[in-house]
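[1] need a 3D model of the following:
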Amino acid sequence: MLGIYSLNKNYIKIFVSINDLGKRIDKLLSKKIDGFSRNKIQDLILNGNIMLDKEIIKDQSLVIKKEGTLFVNLPKPKDSKLIAKKMDLEIFYEDEHLLVLNKKAGIIVHPGAGNYENTLVNGLLYHCKNSLSGIGGVLRPGIVHRIDKMTSGLLVIAKNDITHNSLSEQFKNRNIKRKYICLTWNSTNLKKGLIKKNIIRSKVNRKKMVVCEENMGRDALTEYQLKNKFDFKKLSISIYECKLHTGRTHQIRVHLNYIGVPIIGDFVYKKNINKDYLPLNIKENIEKNFIIPKRQALHAQSIGFFHPYMEKDMFFESEEPKEFRDFVSLCEKSD
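    Below you'll find the model as predicted:
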């Protein structure tokens with residue numbers, strides 16, 4: 001088990017126990033330090049960045065033969081060549097180790113697929129300068145987790161590798177508390193429950209994820225609770241609160257569509273809804289704020305985690321976006 005007992009910006013300090021004897025150092029550390037591949041560990045060894053007690057490790061395939069303490073030096077991240085760009089970031093909290101921000105819908109989290117200048121990472125590079133973790137790679141500095149482009153809400157960003165590793169471990173061990181709020185189409189009477197359905201990438205459409213059998217894909221658990229429901233002739237609209245117990249790609253979108261309450265504005269998982277059953281003002285509001293901009297009505301409302309340096313639990317909650325509040329107000333008046 002990982003035993004970090006020194007939290008330093010420049011290195012990780014790890015106990016080597018009797019259970020670790022006989023294991024290759026690259027395999028051992030890649031399992032103990034989340035976010036570090038065997039290749040990354042081997043590169044660190046090659047450059048003299050790993051010591052066992054006071055001895056620099058030179059053999060990338062070294063087999064651990066004695067108990068002791070491993071020191072993993074964390075060199076500064078390589079220059080990503082990404083452009084730092086001034087951006088209006090809504091920051092909820094910030095210290096020298098991490099920050100929590102509220103991402104707007106329409107902003108991609110990190111560069112990729114031809115977009116290298118207009119992402120959240122570009123804004124973070126401008127705001128944080130060189131103070132971002134490098135574990136995620138040169139295109140994802142500071143990024144511990146993501147939310148979709150057209151989803152809004154809270155993200156925690158790591159400013160150094162120790163923080164990144166701690167947060168990654170918390171995600172891996174399912175200790176991060178995340179709550180989402182969403183507006184959905186609803187043809188059911190479902191009020192609350194736990195969706196336990198594995199998710200896998202679709203073979204037909206590689207941009208989609210689908211529910212699959214237990215022996216396939218990755219396990220996924222979503223807890224949902226109905227907060228409000230508005231009935232209009234043959235069509236109902238609901239507000240659901242969802243808690244993530246896992247963090248799979250498109251998880252809430254896939255799971256809610258699976259149980260018959262697809263998210264408004266989600267063209268990937270539910271395209272054809274007859275909105276003519278809605279009052280005209282509500283129909284127009286949906287068209288303007290969700291359908292035309294292709295903005296799925298999903299917001300990461302809160303996040304809770306353990307701060308590795310302050311050694312205390314932290315919790316942050318954001319207000320629903322204005323377009324959510326305005327839409328719900330219209331529904332309440334028309335219901």
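
[2] strands along the stretch 151-300 of the chain, start to end?
    Secondary structure of the stretch 151-300 of the chain, counting by DSSP state E, counting those that start in this stretch: strands at 152-158, 177-186, 192-196, 198-201, 209-212, 221-232, 235-244, 298-307.

[3] okay, those strands in CSV with mean pLDDT, distance to residue 128 and mean neighbour count next?
    All C-beta spots, glycine's among them, are computed from the backbone N, C-alpha and C. Converted to CSV, the strands of the stretch 151-300 of the chain look like this (pLDDT from 0 to 100; distance: least, Cβ to Cβ, whole Å; neighbours: other Cβ atoms under 10 Å):
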stretch, mean pLDDT, distance to residue 128, mean neighbour count
strand 152-158, 98, 8, 25
strand 177-186, 97, 23, 22
strand 192-196, 98, 36, 14
strand 198-201, 96, 32, 18
strand 209-212, 96, 31, 19
strand 221-232, 97, 32, 17
strand 235-244, 96, 26, 20
strand 298-307, 98, 17, 21
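
[4] where exactly do the strands run in the stretch 1-150 of the chain?
    Using DSSP E, counting those that start in this stretch, strands in the stretch 1-150 of the chain cover 7-8, 11-16, 50-52, 55-56, 68-73, 90-94, 98-103.

[5] nearest to residue 307, of the ones you listed?
    strand 98-103 (7.3 Å; Cβ to Cβ).

[6] which residue ranges make up each domain of the protein?
    7-73, 76-173, 178-301+324-334 (automatic domain parsing).

[7] pLDDT value on residue 42, please?
    Note on residue 42: pLDDT of 89.

[8] what sits against it?
    26, 60 (Cβ atoms under 8 Å, 6 or more residues apart in numbering).

[9] make JSON lines from the strands of the stretch 1-150 of the chain and add mean neighbour count, distance to residue 196 and mean pLDDT to it.
    As requested, these are exported to JSON lines (neighbours: other Cβ atoms under 10 Å; distance: least, Cβ to Cβ, whole Å; pLDDT from 0 to 100):
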{"stretch": "strand 7-8", "mean neighbour count": "14", "distance to residue 196": "36", "mean pLDDT": "50"}
{"stretch": "strand 11-16", "mean neighbour count": "19", "distance to residue 196": "35", "mean pLDDT": "85"}
{"stretch": "strand 50-52", "mean neighbour count": "20", "distance to residue 196": "40", "mean pLDDT": "91"}
{"stretch": "strand 55-56", "mean neighbour count": "10", "distance to residue 196": "48", "mean pLDDT": "91"}
{"stretch": "strand 68-73", "mean neighbour count": "19", "distance to residue 196": "37", "mean pLDDT": "90"}
{"stretch": "strand 90-94", "mean neighbour count": "13", "distance to residue 196": "31", "mean pLDDT": "98"}
{"stretch": "strand 98-103", "mean neighbour count": "22", "distance to residue 196": "28", "mean pLDDT": "98"}
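
[10] output those strands as CSV; include the columns distance to residue 284.
    Listed next are those as CSV, based on distance: least, Cβ to Cβ, whole Å:
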stretch, distance to residue 284
strand 7-8, 53
strand 11-16, 55
strand 50-52, 61
strand 55-56, 68
strand 68-73, 57
strand 90-94, 28
strand 98-103, 27
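
[11] any chance of the strands of the stretch 151-300 of the chain in CSV with distance to residue 51 as columns?
    Formatted as CSV, the strands of the stretch 151-300 of the chain follow (distance: least, Cβ to Cβ, whole Å):
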stretch, distance to residue 51
strand 152-158, 24
strand 177-186, 36
strand 192-196, 44
strand 198-201, 41
strand 209-212, 43
strand 221-232, 40
strand 235-244, 38
strand 298-307, 28
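
[12] any stretches of the protein with poor pLDDT?
    Low-confidence segments of the chain (pLDDT under 70): 1-9, 35, 76-80, 113, 271, 335.

[13] if we can go back for a sec, closest one to residue 314 among the domains of the chain?
    Comparing these under Cβ to Cβ, the one sitting nearest is domain 76-173, at 7.5 Å.

[14] list the contacts for residue 68?
    16, 52, 53.

[15] what's opposite the residue lying closest to the last one once chain neighbours are set aside in the beta bridge?
    Meaning residue 53. Excluding its sequence neighbours, the residue lying closest to residue 53 (Cβ to Cβ, 6 or more residues apart in numbering) is residue 68, at 4.6 Å. Following DSSP bridges, residue 68 is listed with bridge partners residue 16.

[16] and for the closest residue to residue 21 other than its chain neighbours, the neighbour number?
    In this structure, residue 21 finds its nearest non-sequential neighbour in residue 64, 5.6 Å apart by Cβ to Cβ, 6+ apart. Residue 64 is flanked by 20 other residues according to other Cβ atoms under 10 Å.
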